[in-house]
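>>> Build me a model:
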Amino acid sequence: MNNPVWSGTWVAERLGVELVGDDKLTDLLGLALRRNPKRAHLLVSNVLGKHVPQSPSVVYGYGFALGRRVRELLGAEEAARAVVLGYAETATGLGHSVADGVGLSPYLHSTRRPVASVAPAGGFEESHSHATSHLLLPEDPALLVGDGPLVLVDDEFSTGNTVLNTIRDLHGRYPRRRYVVVALVDMRSAADLGRLEGFAREIGARVDLVAAASGTVRLPHGVLERGQALVARYEAESAAAGSSSAAGSSWPVAPRGGAASRNSPAPLKEGGATEADLSSTPSGARGTARQAPTDLHPEDDLTRQTRPRGHISRVDLCWPRGLPDGGRHGFTPAHRARLENALPAMAARLAEALPPDAHRVLILGFEELMYTPLRLARELEQVADAEVRYSTTTRSPVLAVDDPGYAIRSRMVFPAHDDPADGPGERYAYNVAGAGFDAVVAVVDSAADTPELHAPDGLLAQLAAHAPHVLLAVVPSYVPEPLYVPERPSMLPEPLRGPAFSSYPPEEVGWLLQDLSDVTLEAPTEEREEAIQSGGAHYAESLPVEYQPSEQYQELFHTALEESAARLALAVGAVTEIVLAERSPRPVLVSLARAGTPVGVLMRRWAQFRHGLDLPHYAVSIVRGRGIDANALRWLAAHHDPSDVVFVDGWTGKGAITRELADAIEEFEASDGITGFDPEIAVLADPGSCVRTYGTREDFLIPSACLNSTVSGLISRTVLRADLVGPHDFHGAKFYRELAGTDVSVAFLDAVAARFPEVADAVSTQVKELLSGDREPTWEGWAAVERISEEYGIHDVNLVKPGVGETTRVLLRRVPWKILAKAGAGADLDHVRLLAEQRGVPVEEVAELPYTCVGLIHPKYTRGATGADGRAVAV
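Below is the predicted model of the structure:
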């Protein structure tokens with residue numbers, strides 16, 4: 001027996017490449033060469049089950065152990081909320097094994113096989129790979145939605161580009177607090193070591209790394225050019241020797257001495273490696289496996305020309321109906337349980353189909369189909385009286401060299417046989433030819449069981465030239481049924497615009513609503529409150545009678561507007577600039593009708609004033625407890641890129657609508673499969689600390705909150721009632737044309753926009769401060785509301801309305817109980833005090849209050865609670 005030889009020695013000696021790191025690094029990895037413009041060397045894993053046949057227990061064991069480490073890192077509770085994502089093609093089986101180790105995590109792997117019935121939930125590029133485009137095609141569109149940890153699994157972590165690109169793409173769509181990167185080997189260079197930490201700070205999330213071993217590759221100067229020259233030399237020598245085959249490969253197989261050997265006869269294309277065992281444990285990477293006594297000689301080629309081919313037959317696994325063949329479209333814990341139950345019977349069928357004299361058996365998977373063959377191989381290993389090895393075919397071209405110090409000893413070349421989206425091409429199986437297998441079980445999915453598989457130069461024929469027995473096991477390709485989408489009109493109506501609907505000019509806003517102006521929807525405030533609190537009706541099923549402001553109140557509004565216009569202009573400019581800087585250079589503004597609509601118009605005007613941009617602006621309905629108008633989202637997705645949409649509201653109170661929107665977008669993505677909408681709301685003022693995109697966090701009077709429709713384009717609150725709004729309709733609203741005499745909607749916009757020039761410099765300063773500061777939501781407003789709800793015996797946060805804007809709404813639309821005012825609050829509360837006086841509502845000064853004021857809705861309302869005159873009474 002020869003002395004142990006590391007399977008990276010050949011490359012290391014010729015190119016000066018070194019692996020430096022953990023002692024077991026060279027047990028896990030060998031080296032090979034490939035034609036690649038960015039990286040000539042290839043790290044070949046001995047425990048991945050891709051290029052090197054290995055014991056399936058070793059392959060599965062490494063992945064499962066990494067999963068257990070992830071579980072320990074996260075803790076059982078967080079691990080139960082995790083989702084595991086593996087990379088095609090090399091890490092699909094590894095990722096699945098990691099998911100098994102984590103425990104109850106669903107699993108998804110990227111794929112290069114598009115499926116017409118499944119909408120992509122994301123995609124990314126792999127910069128150093130020969131085939132770059134990855135798709136994420138979960139059957140359940142909500143699989144990647146949620147804030148549980150995302151575990152990303154690849155065979156190696158080198159530059160980190162692929163993983164970071166993935167996280168960046170997914171974090172933009174489905175933000176979460178924690179990511180875990182898992183790899184067999186962490187091979188980052190010194191220059192790349194700090195990138196992960198910096199990236200985590202950039203996205204505001206925690207990113208951990210778990211690896212079986214770590215180290216780095218030392219590459220001497222000019223290694224890429226020297227590696228390319230070495231590959232080219234072998235190609236030229238192979239061509240000069242007249243090597244050809246029906247497989248048509250341009251990649252030679254070189255003998256140990258360095259010159260290219262003659263290839264086997266058509267259709268075979270393989271090297272003369274006769275290493276009988278490429279190791280059953282990781283230590284085989286150092287060359288401890290048995291070596292054949294001789295290299296392949298020319299006479300061996302002649303012998304193989306007359307050798308009879310192996311027998312090819314099928315074996316029926318009786319695959320469970322409806323069980324996915326892998327994680328291409330998601331693999332859940334329930335799927336895992338079904339597979340575990342079915343594995344013993346399927347392995348028994350394989351064992352029965354093997355010839356009795358088969359002592360060395362290879363289970364050969366197919367490109368992305370790695371996990372199913374791996375589990376079959378591991379189960380077979382437990383029951384068969386034979387040495388079982390596992391590896392898979394690949395689309396990755398690698399130079400094969402017949403030398404014990406080189407990781408790829410032999411190579412088969414055959415045509416792709418699954419009708420790939422990128423067209424026909426060569427596929428490869430490494431270290432199979434000449435490895436002394438008595439039987440090979442090729443496991444493919446039904447999409448790959450094609451004439452090309454059975455062709456004279458196909459994979460089965462290639463295997464039959466090297467093994468006496470070849471079995472074909474076909475697993476049904478799992479293709480999800482198209483999501484049921486309720487029938488809806490092919491075209492939703494175009495947005496309503498002024499002057500036909502609203503007093504705003506038509507270019508200022510398009511209303512994705514239906515006009516219910518001819519329907520009587522108003523009810524006395526007391527009747528509405530009783531119905532809402534008793535559960536007999538939802539607040540969106542009716543409208544309050546429009547408040548008609550007194551002359552005194554109108555004077556107060558104009559005074560407040562004059563005093564606060566510059567302050568408003570500053571906040572408008574700041575939030576718009578943040579949107580342009582962070583969200584999209586050409587955002588589509590979508591205001592939440594109706595309080596958000598004046599703010600949306602002002603943001604549009606600022607973008608035009610400061611940048612000459614003509615931004616689209618629409619208004620949509622969102623209803624607490626019912627969500628956002630899904631038909632409006634469908635219209636937006638059909639006309640704009642959802643990733644450009646920025647939802648706009650006036651202010652935050654306790655953050656109920658912020659949460660409502662996030663839940664509604666998640667539900668919409670799950671039902672329609674349309675992704676890209678960002679639920680983060682942009683607001684003028686965020687006193688509740690509920691969002692990241694705001695102009696200010698001060699709680700001050702926004703004059704548009706002082707009035708109802710007469711400052712909002714004469715549009716009512718939105719209405720959602722089953723007898724008026726059908727499944728294919730936009731939510732409804734009314735246009736109060738009769739109130740045109742008291743309308744100040746455009747006057748309000750003009751007064752604020754007139755201050756844009758004088759606040760431009762201040763906006764620039766404020767934006768710089770905001771962008772460099774900590775804007776993470778603290779939700780302190782929600783906490784304050786919960787405390788107030790308990791202190792005042794209300795026990796319902798929906799009846800506590802914090803902030804000047806929300807308090808004003810309580811006084812205008814609901815049945816108020818009392819007003820809490822921050823001690824020392826000044827003119828910002830003049831209109832609140834006036835409204836409270838008119839409705840007989842007590843105003844209670846509170847020293848410690850995070851808001852300027854808080855409105856409390858009557859907690860136990862009946863009609864008698866306001867007295868005969870409609871004024872509030874004490875409880």
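>>> P141 contacts A121, doesn't it?
Yes: with contacts counted by CB atoms under 8 Å, P141 reaches A121, the gap being 6.0 Å. C-beta here means a position set from N, CA and C on the backbone, and glycine is covered the same way.
>>> Check the contact lists of those two and give me the overlap.
T675 (CB atoms under 8 Å, 6 or more residues apart in numbering).
>>> Can you check the pLDDT for R586?
Looking at R586, its pLDDT is 85.
>>> ok, now which ones touch it?
Counting by CB under 8 Å, 6+ apart, R586 touches 613, 615, 644.
>>> Now do the last one against L636, distance only.
With distances defined as CB to CB, to the nearest Å, the gap from D644 to L636 amounts to 9 Å.
>>> what's the overlap in contacts for those two?
V588.
>>> who's more crowded, the two?
Set D644 next to L636 and count neighbours by other CB atoms under 10 Å: L636 wins out with 23 against 20.
>>> Find the residue ranges of this structure scoring beneath the pLDDT cut-off.
When residues are selected by pLDDT under 70, those of the chain lie in 1-3, 123-132, 238-308, 482-491, 523-540, 542, 547, 813, 828, 860-875.
>>> Spatially central residue in it, please.
In the chain, the centroid-proximal residue (CA atoms, centre = their mean) is L170; its distance is 3.4 Å.
>>> Mind jotting down where the strands sit in the stretch 151-300 of the chain?
178-186, 206-218, 253-254 (DSSP state E, counting those that start in this stretch).
>>> re the thing from before, how about the contacts of R586 in CSV, adding distance to L230 and secondary structure?
CSV is the format used below for the contacts of R586 (distance: CB to CB, whole Å; DSSP: H, G, I helix; E, B strand; the rest coil):
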residue, distance to L230, secondary structure
L613, 55, coil
L615, 56, coil
D644, 49, helix
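>>> so how many other residues sit close to M370?
32.
>>> ok, it - contacts?
M370 neighbours (CB under 8 Å, 6+ apart): 49-50, 89, 92-94, 96, 326, 392.
>>> again, only using 10 Å
Shown in contact with M370 (CB atoms under 10 Å, 6 or more residues apart in numbering): 48-50, 59, 86, 88-97, 109, 326-327, 390-392, 443.
>>> Please flag which of the residues you listed sit within strands.
Under the assignment DSSP state E, these contribute 86, 109, 390-392, 443 to strands.
>>> P120 is in contact with R113, isn't it?
No: if you go by CB atoms under 10 Å, P120 and R113 don't touch, sitting 11.8 Å apart.
>>> Compare these two (neighbour count), which wins?
R113 (20 against 16).
>>> Just give the closest residue to the more buried one, not the sequence neighbours.
A421 (6.5 Å; CB to CB, 6 or more residues apart in numbering).
>>> Pretty sure that neighbour sits in a helix.
No: A421 is assigned coil when assessed by DSSP: H, G, I helix; E, B strand; the rest coil, not a helix.
>>> ok, it - contacts?
111-115, 133, 135.
>>> for the stretch 351-500 of the chain, what spans make up the helices?
371-383, 451-454, 459-464 (DSSP state H, counting those that start in this stretch).
>>> Next, report how far the top helix by length along the chain is displaced from the centre of its chain.
As assigned by DSSP state H, the longest helix anywhere in the chain is helix 551-578. A distance of 40 Å separates the centroid of the chain from that of helix 551-578, by CA atoms, centre = their mean, to the nearest Å.
>>> For it, which helices and strands make contact with it?
For helix 551-578, the elements it packs on are helix 596-611, strand 645-651, strand 681-685, strand 693-696, helix 745-753, helix 756-772, helix 830-839, judged by 3 or more CB pairs under 10 Å, 6 or more residues apart in numbering; DSSP states H and E.
>>> quick one: strands adjacent to the fourth one?
The reference is to strand 693-696. strand 681-685 (parallel) (DSSP bridges).
>>> Contact partners for A581?
Contacts of A581 by CB under 10 Å, 6+ apart are 767, 770-771.
>>> Next: R14.
33, 226-227, 230, 258, 406.
>>> and what of A783?
Contacts for A783 (CB under 10 Å, 6+ apart) come out as 654, 688-689, 850.
>>> Report the buried residues of the helix or strand harbouring S57.
Element membership of S57, judged by DSSP states H and E, is helix 56-74. Using 16 or more other CB atoms under 10 Å as the burial criterion, the residues of helix 56-74 that qualify are 56-60, 62-64, 66-71, 73-74.
>>> Next: stretch 434-453.
434-445, 447-450, 452-453.
>>> again with stretch 603-612
So for stretch 603-612, counting by 16+ other CB under 10 Å, buried means 603-607, 609-610.
>>> Likewise for stretch 660-669?
Using 16+ other CB under 10 Å as the test for burial, stretch 660-669 gives 660-662, 664-666, 668-669.
>>> Disregarding flanking residues, what is the spatial nearest neighbour of R567?
F700 (6.7 Å).
>>> Now do the closest residue to A212 other than its chain neighbours: how many residues are near it, please.
Excluding the flanking residues, the one nearest A212 by CB to CB, 6+ apart is L184, at 5.1 Å. If you count neighbours by other CB under 10 Å, L184 ends up with 26.
>>> quick one: the helices in the stretch 201-350 of the chain?
Under DSSP H, counting those that start in this stretch, the stretch 201-350 of the chain gives helices at 223-240, 298-306, 333-353.
>>> Pipe those helices into JSON lines and attach mean neighbour count and distance to S709 per row.
Listed next are those as JSON lines, based on neighbours: other CB atoms under 10 Å; distance: least, CB to CB, whole Å:
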{"stretch": "helix 223-240", "mean neighbour count": "16", "distance to S709": "68"}
{"stretch": "helix 298-306", "mean neighbour count": "12", "distance to S709": "88"}
{"stretch": "helix 333-353", "mean neighbour count": "16", "distance to S709": "52"}
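>>> L150 is nearest to which of those?
helix 333-353 (16.7 Å; CB to CB).
>>> Only alpha carbons, please: show the closest one as PDB.
What follows is helix 333-353, C-alpha atoms only, in PDB (Å, rounded to 0.1, in the frame of the first residue of the first chain):
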ATOM      1  CA  PRO A 333     -41.500  18.600   9.000                       C
ATOM      2  CA  ALA A 334     -44.700  16.700   7.900                       C
ATOM      3  CA  HIS A 335     -42.900  15.700   4.700                       C
ATOM      4  CA  ARG A 336     -39.900  14.600   6.600                       C
ATOM      5  CA  ALA A 337     -42.000  12.300   8.800                       C
ATOM      6  CA  ARG A 338     -43.600  10.700   5.700                       C
ATOM      7  CA  LEU A 339     -40.200  10.100   4.200                       C
ATOM      8  CA  GLU A 340     -38.800   8.600   7.400                       C
ATOM      9  CA  ASN A 341     -41.700   6.200   7.500                       C
ATOM     10  CA  ALA A 342     -41.300   5.200   3.800                       C
ATOM     11  CA  LEU A 343     -37.500   4.800   3.700                       C
ATOM     12  CA  PRO A 344     -37.200   1.200   5.100                       C
ATOM     13  CA  ALA A 345     -39.500  -0.200   2.500                       C
ATOM     14  CA  MET A 346     -37.800   1.600  -0.300                       C
ATOM     15  CA  ALA A 347     -34.400   0.600   0.800                       C
ATOM     16  CA  ALA A 348     -35.600  -3.000   1.000                       C
ATOM     17  CA  ARG A 349     -36.700  -2.800  -2.600                       C
ATOM     18  CA  LEU A 350     -33.300  -1.500  -3.600                       C
ATOM     19  CA  ALA A 351     -31.500  -4.300  -1.700                       C
ATOM     20  CA  GLU A 352     -33.700  -6.900  -3.300                       C
ATOM     21  CA  ALA A 353     -33.000  -5.600  -6.800                       C
END
